[in-house]
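Enquirer: Give me the fold of what follows.
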Amino acid sequence: MVKMHSCLFPDCVCERSCQRVGGDLANWDGKRCPFCLVVMTIEGEDLWRKPTRDHLTPKSRDGTDAPANILVVCALCNHQKKNLTL
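Expert: Below is the predicted model:
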């Protein structure tokens, strides 16, 4: 399976949802993270500002890959949220 983004974390298992939901993350370049409002960017050295897909209800808590459960957020917010629910 082809990853559509570069994950920051070696234990990332998001390939399946990234492939299925929301299209290419490049479409989110220049848009704001809904949590911290930082402008997300695909290019550049600041890996924390890259857009990533976040499960609102984590898969570890019976969340699904349904589009309604996926939100695009910056890598830092995704990392800090961990497996918490919204």
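
Enquirer: For Thr52, grab the count of nearby residues.
Expert: 26 (other CB atoms under 10 Å). No exception for glycine: its C-beta is placed from N, CA and C like everyone else's.

Enquirer: ok, now the one 10 residues further on?
Expert: As a burial measure, Asp62 scores 7 neighbours (other CB under 10 Å).

Enquirer: contacts for stretch 72-86?
Expert: 8-9, 22, 25, 28, 31, 33-36, 38, 40, 47-54, 56-58, 60-61, 63 (CB atoms under 8 Å, 6 or more residues apart in numbering).

Enquirer: Using CSV, list the CA coordinates for that stretch.
Expert: The C-alpha trace of stretch 72-86 is given here as CSV (Å, rounded to 0.1, in the frame of the first residue of the first chain):
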residue,chain,number,x,y,z
VAL,A,72,-7.1,16.6,9.0
VAL,A,73,-4.9,18.3,11.7
CYS,A,74,-1.3,19.4,12.0
ALA,A,75,1.2,16.7,13.0
LEU,A,76,1.8,18.3,16.4
CYS,A,77,-1.9,18.3,17.4
ASN,A,78,-2.3,14.8,16.2
HIS,A,79,0.7,13.6,18.2
GLN,A,80,-0.4,15.5,21.3
LYS,A,81,-4.0,14.1,21.1
LYS,A,82,-2.7,10.5,21.1
ASN,A,83,-5.6,8.2,21.7
LEU,A,84,-8.0,10.7,23.4
THR,A,85,-11.5,11.3,22.0
LEU,A,86,-13.0,14.6,21.2
